[in-house]
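3D, please:
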Amino acid sequence: MTKTNNAVPFDLERYLVKLLQNEPFFASISRHVEKRASDAIPTAGVRVNGEGHFEMLYNPKFFEGLPPEQRTGVLMHEFYHLIFGHVTDRLPFDPDGEQKMNKKWNIATDLAINSHLIGRIPASGCIPGQGPFADFPVGEAAEKYYAILPEQNDEGGDGQGKPLDDHSGWGDNADIADPTVKEIAKQRLREMMREAANESNKSSNGWGTVSAEMRKEIMARINGTIDWRMVLRYFIKTSQRADKNSTVRKLNKRFPYIHAGKKVKRHAKIAISIDQSGSVGDEMLEKFFTELNSLAKIATFTVIPFDSAIDEKLIYEWKKGKHKQTERVMHGGTDFDAPTSYVNKHNFDGHIILTDMYAPKPGPSNCQRMWMTTPECADNPYFQTNERVIPVK
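Below you'll find the model as predicted:
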């Protein structure tokens, strides 16, 4: 059993690079998860906070008593909970057809994850083929384990064991006031996973010990159907500047006095550049305005019509809640550097370009930039970009 200096509290951050040096995929995921030491939970647990970011609480004494291999295994276990949506949206259906969290689901998700971590986590965890789960097959999905598990009572089970980690911040138990936050977290998770997968694909050992079968599952979640309206909410949320002040006037319900409440005032300055060049037909332009009318339900933004140039007299602010008709004011060529240059000079927080993607790649943006186009144009762009491209049906 590994021990550290008892005079110095165990700090997980000191060990992360070494623990995950052979697991590049999980190292990438880890960079997006804030780790907080807490004795409010006995082991560890992941959750979504009120800002749509991911946190991992861990008990320092628990981690201090684990050998390095098991520390790595517990980290991978927690990150798998994020990867497979257990924290955000993946819940079982009850007899009434509603999705709700319950103890049986907690055990089922641990069994599914631990199938891939046998020998790397403490024996006290829910492990198929071992202990009270000796008769359970290895390598099944959480839903399969859920179907074969007996019902769990309020004390935690019927002798079938308990999850190793804390699941109290999941699903309908999460301390999230804004219902949009979960959707933002889902989009943020997709971006985290896409970044980790892209990095992992660049080297022969980039995926570490992640099996080929597991990689397929991960890629399926990354490439699943995208709710583009939620992507827009996510984009605006992550483009916003925030002035935050800790306050005890609003306590965190799940972990009072551990996480200070936040008093937040946000100011977002979003630019929407609309391609009005000759290659963008009236039908496509009408689709763009339809989507902007939907976007105006949740935000105020600055509209920048452009073709090969911009005319500052045509730029206007589209107020939240206002509806506008389709309007064409230009009909020339296309130059994405024109709106990019304007946005860079005027200190915007986010930039969305509605276009057919038919022009050379522009220079870099000083703020977060995203592209919206039709599915056909998204599949056949004039240039390649690592920035988000949203096909709008």
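
hey, let's count contacts and neighbours off CA atoms from now on
Noted.

how near is His77 to Asn344?
Going from His77 to Asn344 by Cα to Cα, to the nearest Å gives 42 Å.

give me the more crowded residue out of the two.
His77 (24 against 15; other Cα atoms under 10 Å).

measure that one to Asn49 for me?
Relative to Asn49, and taking Cα to Cα, His77 is found at 19 Å.

repeat that for Ile390.
Ile390 is 26 Å from Asn49, by Cα to Cα.

now do Ala378
Distance from Ala378 to Asn49, by Cα to Cα: 33 Å.

go on, Asp166?
Relative to Asn49, and taking Cα to Cα, Asp166 is found at 15 Å.

Pro122: which element?
Assigned by DSSP states H and E, Pro122 belongs to no helix or strand.

okay, now it: neighbour count?
18.

let's see the pLDDT reported for the closest residue to it other than its chain neighbours.
What sits nearest to Pro122 in space, not counting adjacent residues and going by Cα to Cα, 6 or more residues apart in numbering, is Gln70, at 6.5 Å. We note a pLDDT of 95 for Gln70 in this prediction.

where does the stretch 201-350 of the chain have low pLDDT?
Across the stretch 201-350 of the chain, the ranges flagged by pLDDT under 70 are 224-230, 234, 237-238, 240-267.

contacting residues around the residue nearest to Pro122?
Counting by Cα atoms under 8 Å, 6 or more residues apart in numbering, Gln70 touches Arg120, Ile121, Pro122.

distance to Glu13 and pLDDT for the residues you listed - can I get that in JSON lines?
Shown next, in JSON lines, are the contacts of Gln70 (distance: Cα to Cα, whole Å; pLDDT from 0 to 100):
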{"residue": "Arg120", "distance to Glu13": "20", "pLDDT": "93"}
{"residue": "Ile121", "distance to Glu13": "19", "pLDDT": "92"}
{"residue": "Pro122", "distance to Glu13": "21", "pLDDT": "92"}
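
neighbours of Gly119, just the number please.
With other Cα under 10 Å as criterion, Gly119 counts 13.

state the distance from it to His167.
Where His167 is concerned, Gly119 sits at a distance of 22 Å (Cα to Cα).

how close does the residue positioned nearest the centre of the chain sit to Ala142?
With distances taken as Cα atoms, centre = their mean, Leu189 lies nearest the centre of the chain, 1.8 Å away. Using Cα to Cα, one gets 19 Å for the distance from Leu189 to Ala142.

can you give the domain ranges for this protein?
With domains defined by automatic domain parsing, the chain comprises 12-222, 269-391.

out of those domains, flag the one nearest Leu232.
Across the domains of the chain, Leu232 has its closest neighbour in domain 269-391 (7.6 Å, Cα to Cα).

what is the one helix or strand Glu195 maps to packed up against?
Using DSSP H and E, the element containing Glu195 is helix 179-200. The contact analysis (3 or more Cα pairs under 8 Å, 6 or more residues apart in numbering; DSSP states H and E) places helix 179-200 against helix 24-30, helix 68-83, helix 212-222, helix 228-239.

now the third one: buried residues?
Read that as helix 212-222. By neighbour count on 16 or more other Cα atoms under 10 Å, the buried set for helix 212-222 is Ile218, Arg221, Ile222.

what's it in contact with?
Ile83, Phe84, Arg190, Met193, Arg194, Ala197.

helices of the stretch 51-200 of the chain, residue ranges please.
With DSSP state H, counting those that start in this stretch, the ranges of helices along the stretch 51-200 of the chain come out as 60-64, 68-83, 103-114, 142-148, 179-200.

in the first one, which residues are buried?
Residues of helix 60-64 classed as buried by neighbour count (16+ other Cα under 10 Å): Pro60, Lys61, Phe63, Glu64.
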